[in-house]
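Asks: build me a model from this:
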Amino acid sequence: MMKRLLFFFAILFATLSLEAQQEAQFTQFMYNKLMLNPAYAGARGVPSVTAIYRNQWIGFEGAPQSALVSFNSPFMSKRVGVGVTMRHVKIGLQRDVAASLAYSYDLVSSEDVSVRVGLSGMVRSLGIAYNDATFVDIGDNSISSQQESNIFGNVGAGIYATVMDHYYFGLSVPQLYANVIGLSNNSATLLAKQYQHFYGMAGAIIPLSDDINLMPAVLIKYVQNAPLDADINLNLDIRQKFTAGVSYRMGGDGIGDSMDLLAFWQASPQMGVGVAYDFTLSSLKDYSTGSVEILVQADLKKKKGKKMSNPRFFM
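Replies: Coordinates of the predicted model:
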C-alpha cells in the first residue's frame, strides 16, 4: 500500500507544477473527464452516457447554471474511441452553448497500461439574451441591439493514461486556438480574448480492505494571467456500491473558493447517480447558500473481460 501511495503522490506533485483557472467547472470532475480531455473517449470500454446539471451560488441573481450531456464509446476497435459533448452555460444575460466531437487512440493498450491520445473539434456560440433585460445604451461597445451572438470554432488535444487498473493521469488543452470573442460590430475594438486552458488530472484507487477503497483525485487548471486553481478530492468507496467524500477548490478571495461534499450511488451495475454540494468560502458566501450539482451516468452495455477494481470512478 505504501508503494501505491508514493506512486500516486509522485504523479500528483508532478501535475501540481501547473497553474490554473477554469471556464465552466463541475465538482464531480472525476465522472466527467471527456469535457476536459478528448483522449478519454472510449476509455471505459463500453458506450457510456453522462449528464450533469449544476446550479452555482444559489440565491445569487444571475449566477451560473450549467448543463452537460456527453457520450463516448469504443469504435470498431477497443483501441479507438469516439465521443460527443454538448454543454450549455447561463451566466446573467450571457448564453454559452458548445458542442464538441472527440477521437482517441490507445498507443499502448497492454494488460496493465493504457496510453490514449486524443483530438477534438468544437463549435461554440456566445451570445447575450437582451430579451431578458431592460436595454439601456450606456455607450458600452459590447452592447449591440443588432448582433446577439457569435459562432466560434476550436480544436483540442490531450493524453490520458491508466496504470494497473489503479491509477490514472491526463494532460489536455480542450481549446488550442485563442479566439477573439465579443459582440461589438467595431472590428477594431478588442473586447475579450479566449486563452488556452491547460488541465492536468490524476487519481488512484487504494484498497484499504476487501470492501473499502480510498480514492484520491486532483484536477489542476491553468490559464495565462490567472491565479492557481485546483480541485483536490478524497473519496471513500464502500463495496463498489456507495462512494462519499470531500473536495477543496482553491481560488476565491480568501482561504479558497469552496469546500464540497460528494456522494455517488451505484444503483445498478450499469447506472449510477451522483450529487455534490459546495459550501462557498469566498466573499460570495454572504450572498449565496452554496452550489448544487446532480449527475447521472449510464453504461449502455455490460463490460466484458477483466473486472476492474472500480470502473465507474476510474474509467
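Asks: after the lowest-mean-pLDDT helix or strand in the chain, which helix or strand is next? Please name it.
Replies: Ranking every helix and strand in the chain by mean pLDDT, DSSP states H and E puts helix 2-15 at the bottom, with a mean of 43. Next in sequence after helix 2-15, counting helices and strands by DSSP states H and E, comes strand 48-55.
Asks: how about residues contacting that next one?
Replies: By CB atoms under 8 Å, 6 or more residues apart in numbering, the surrounding residues in contact with strand 48-55 are 26-28, 31-32, 34, 63-73, 291-300. Heads up, the C-betas are built off the backbone N, CA and C, glycines and all.
Asks: of the residues you listed, grab the buried ones for ChimeraX.
Replies: Command for ChimeraX that selects the buried part of these, burial taken from 16 or more other CB atoms under 10 Å:
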select :26,27,28,31,32,34,63,64,66,68,70,71,72,73,291,293,295,296,297,299
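Asks: inside strands: which ones of the contacts of strand 48-55?
Replies: 65-73, 291-299 (DSSP state E).
Asks: just checking, residue 280 touches residue 255?
Replies: No. Counting by CB atoms under 8 Å, residue 280 stays clear of residue 255, with 11.3 Å between them.
Asks: which stretches of the protein have low pLDDT?
Replies: 1-22, 132-148, 181-192, 303-315 (pLDDT under 70).
Asks: what residues are up against the closest residue to residue 164 other than its chain neighbours?
Replies: Counting by CB to CB, 6 or more residues apart in numbering, residue 112 is the residue found nearest to residue 164 once chain neighbours are left out, at 5.0 Å. Counting by CB under 8 Å, 6+ apart, residue 112 touches 163-165.
Asks: most neighbours, which of the residues you listed?
Replies: Tallying neighbours with other CB atoms under 10 Å puts residue 165 at the head of these, with 19 neighbours.
Asks: that residue is in what secondary structure piece?
Replies: Going by DSSP H and E, residue 165 is not in any helix or strand.
Asks: how near is it to residue 110?
Replies: 12 Å (CB to CB, to the nearest Å).
Asks: again, but for residue 277
Replies: Distance from residue 277 to residue 110, counting by CB to CB: 40 Å.
Asks: give me the more crowded residue out of those two.
Replies: Using other CB under 10 Å as the criterion, residue 277 and residue 110 rank with residue 277 on top: 17 against 8.
Asks: show me what the more buried one is bridged to.
Replies: Beta-bridge pairing for residue 277 (DSSP bridges): residue 261, residue 292.
Asks: that one and residue 294 touch, don't they?
Replies: No. Applying CB under 8 Å as the test, residue 277 and residue 294 come out as separate, 10.2 Å apart.
Asks: now do the strands in the stretch 101-250 of the chain.
Replies: Assignment of strands within the stretch 101-250 of the chain using DSSP state E, counting those that start in this stretch yields the ranges 113-128, 149-163, 167-173, 180-181, 192-193, 197-204, 206-207, 212-223, 229-238, 242-249.
Asks: dump the ones you listed to a markdown table, plus distance to residue 287.
Replies: Listed next are the strands of the stretch 101-250 of the chain as a markdown table, based on distance: least, CB to CB, whole Å:
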| stretch | distance to residue 287 |
| --- | --- |
| strand 113-128 | 23 |
| strand 149-163 | 29 |
| strand 167-173 | 33 |
| strand 180-181 | 27 |
| strand 192-193 | 25 |
| strand 197-204 | 27 |
| strand 206-207 | 39 |
| strand 212-223 | 24 |
| strand 229-238 | 21 |
| strand 242-249 | 18 |
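Asks: tell me the most buried of those?
Replies: strand 197-204 (a mean of 23; mean count of other CB atoms under 10 Å).
Asks: strands paired with that strand, and their directions?
Replies: Assessed with DSSP bridges, strand 197-204 is paired to strand 167-173 (antiparallel), strand 212-223 (antiparallel).
Asks: distance from it to the middle of the chain?
Replies: 10 Å (CA atoms, centre = their mean, to the nearest Å).
Asks: keeping just the C-alphas, turn that strand into PDB.
Replies: Backbone C-alpha positions of strand 197-204 (Å, rounded to 0.1, in the frame of the first residue of the first chain) are rendered in PDB as follows:
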ATOM      1  CA  HIS A 197      -6.900  26.400 -20.800                       C
ATOM      2  CA  PHE A 198      -4.500  23.700 -19.700                       C
ATOM      3  CA  TYR A 199      -5.700  20.800 -17.500                       C
ATOM      4  CA  GLY A 200      -3.900  18.200 -15.500                       C
ATOM      5  CA  MET A 201      -5.600  15.400 -13.700                       C
ATOM      6  CA  ALA A 202      -4.600  12.400 -11.600                       C
ATOM      7  CA  GLY A 203      -6.300   9.800  -9.400                       C
ATOM      8  CA  ALA A 204      -5.900   6.500  -7.700                       C
END
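Asks: angle of that strand against strand 149-163?
Replies: 30 degrees (axes from the mean of the first three to the mean of the last three CA atoms, to 10 degrees).
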